[in-house]
Structures are given as structure tokens and as C-alpha cells.
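**Student:** Prediction below, plus the sequence it came from.
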Amino acid sequence: MDARDDQDDVEKVLAGDISAFEQIVNRWQAPLINLAYRFCRDRSRAEDMAQEAFLRVYRGLKGWRRDSAFSTWIFAIAMNFYRSELRRLPERARLSQSLEVLENIAAQSTDSTNADRDRAVRRAVSALPAKYKEALVLFYFHEMDVSAAAKSLGLPEGTVKARLSRGRKILREKLPQFLGEFRLEEAQ
């Protein structure tokens, strides 16, 4: 994805060419749906959440200050919306979802394929407390560096590094059968 394309399309939308927003949606739809899916684990709900995030992005285009990349800004809007959406779920439903994910991980055998291990790790990440999950998802799954993840989350870099470290520690505790084969790299 080219940052210049985003900036050009934003300028067109702000100048009145609303159809240019379609290009933004086409570029960012899959990443925002994937991010939402990691929050809710329901494809249909993830698509709805991403659609609402795009509405918020559209309404807030004038507010993009261009002091950070468009990708950082759009992820920050989406993350904030996704967090607030999940807070609306009753605590019991969130807890039940997390326990179900961890039970499925425990059922994985140690002779799983790499793809199975990857799925198990992704499910384990989705079961983490939100503050750790958000940092890990942006850093590992969306390949943001610590600085970009910190901007997206609205946190200091040191806080993101600490959350990455604590999230990895929790995963190591929850996934001992994978420690020998799947090592999480330390953030630099």
C-alpha cells in the first residue's frame, strides 16, 4: 500500500470527490476486517464493525493531521471503535469466549502442523486481556513497529513494549507445549 495513494484520495474526498473514498475502502477493507475479527472471532460481526469504522474514518477525514501515517490513523480509529464495541458485550460473554478459546488450545496435540500451531497461537492471543492483545495484534499480525503501534493505541512506546513483553509471557505460560517449536521474538 502506498501512503501517497491514501493522501491523494483523502485530498480528493475533502475537495468534494466522495467517490475517492471507495479507493480508501478497497485498500483498507481486508486489514480492518481482519483486525476486527481478531477482536470478536465472528466474521459477520467483524465485517459490520469494519463498516462502522469506515463511517467513522469518513466523518473524521478532516481531523487527520498528517503528522502520522494514514495507516496509523485509520488503525487508531478502528481500534478505538472495536474496543468500545467489545466493552458493550456483557462481561460473562467475553469471559465465556476467552475460556472457550483456551479450552480449544489445550485440546491441540503436540504433533500439530505449523498451520495448526499458528491458529492456536492466534486463538490464544485473542483470549488475552485487551491491553496485551491489542499490542500483540498490531505488532505481530499487522507488522507494525513499536512506534506505529504506540501511535495507533495512543500510548507511549515504553508502555507498548511492556505490554508486548507481558503478553508474550502470558502466552508462554498458556502454551507450554509450543515453547520448543514456536518462539515469540522479543521486541527490539
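**Tutor:** Received, thanks.

**Student:** Could I get the full set of helices for the protein?
**Tutor:** When assigned using DSSP state H, the helices of the chain occupy the ranges 3-14, 21-40, 43-59, 70-88, 91-106, 114-126, 130-136, 146-153, 157-174.

**Student:** I'd like those written out as a markdown table, with mean neighbour count and mean pLDDT added.
**Tutor:** (Glycine included, C-beta is placed from N, CA and C.) Output for those, formatted as a markdown table (neighbours: other CB atoms under 10 Å; pLDDT from 0 to 100):
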| stretch | mean neighbour count | mean pLDDT |
| --- | --- | --- |
| helix 3-14 | 15 | 92 |
| helix 21-40 | 18 | 92 |
| helix 43-59 | 16 | 93 |
| helix 70-88 | 18 | 88 |
| helix 91-106 | 13 | 46 |
| helix 114-126 | 17 | 71 |
| helix 130-136 | 22 | 87 |
| helix 146-153 | 21 | 88 |
| helix 157-174 | 17 | 87 |
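
**Student:** what comes into contact with stretch 53-62?
**Tutor:** 10, 13-14, 21, 24-25, 28-29, 32, 36, 74, 77-78, 81-82 (CB atoms under 8 Å, 6 or more residues apart in numbering).

**Student:** Please read the previous query as pertaining to stretch 145-155.
**Tutor:** Against stretch 145-155 from outside (CB under 8 Å, 6+ apart): 68-69, 71-72, 75-76, 79-80, 134-135, 138-139, 144, 156-157, 159-161, 163-164, 187-188.

**Student:** okay, which residue is most central for the chain?
**Tutor:** Residue closest to the mean C-alpha point of the chain, counted by CA atoms, centre = their mean, is residue 35 at 4.0 Å.

**Student:** who touches that one in this structure?
**Tutor:** The contact partners of residue 35, by CB under 8 Å, 6+ apart, come to 50, 75, 78-79, 82, 137, 142.
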